[in-house]
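> Build the 3D model from these lines:
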Amino acid sequence: MTDATIQTLDTPDGPFTVLEDAQGRVLASGWTDSAERILARLAAKHRPERVTDGTVASADAVDAFYAGDVEHAMQVPVRQFGTELFNEGWRQLRRIPAGAVLTYTEFAVAMGRPDAIRAAASVCARNAPALFVPCHRVLRTDGTLGGFAWGLDIKRALLERESVGTTALV
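Purely as a prediction, here's the structure:
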């Protein structure tokens, strides 16, 4: 991959940076204004050779998410690099509807690998296009928030925006 565009958007949760390839597919994104941190979400062999500041196609979907249309982000094309298991996991993440959550155990079942709970957690941890592939919708088996690359405050805020009853979330 040679060219990519990066843009940092202002959101109620702070700066949100999106990296897209030349075809407008989100490669990586997250709540930071650091291009280096976004690029670090990709394995070195999958990083673009040239990154240009510009306007990303997915900016409208980010604005829509924060305006209450949370599902628009699920229509944004993404490009992820992984094994068959990881690719299936990322597909399943996009199928979790807004306002719903799965536990890592339930997510492993959705991936077709009910015994692969740790692998399910790894799928979430290695998810580079945050927001567009909603790994924040997966919780620990005991119902607590668990981890999130961009911090638990962001994860909680995202779930609250999606109308998940977060009073029980720790």
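> Buried residues, stretch 143-157. List them.
Neighbour counts using 16 or more other CB atoms under 10 Å place 145, 146, 148, 149, 150, 154, 155, 156, 157 of stretch 143-157 among the buried residues. Heads up, the C-betas are built off the backbone N, CA and C, glycines and all.
> my bad, stretch 103-114
103, 104, 105, 106, 107, 108, 109, 110, 111, 113.
> same question, stretch 26-35
26, 27, 28, 29, 30, 31, 32.
> mind listing what the third one touches?
Residues touching residue 28, when contacts are defined by CB atoms under 8 Å, 6 or more residues apart in numbering, comprise 18, 19, 38, 39, 41, 42, 128, 129, 130.
> again, 10 Å this time
4, 6, 17-20, 35, 37-42, 46-47, 78-80, 127-130, 132 (CB atoms under 10 Å, 6 or more residues apart in numbering).
> Write a ChimeraX command that selects only the buried members of these.
Buried members of the contacts of residue 28 can be picked out in ChimeraX with the line below, counting by 16+ other CB under 10 Å:
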select :4,6,17,18,19,20,38,39,41,42,46,47,78,79,80,127,128,129,130,132
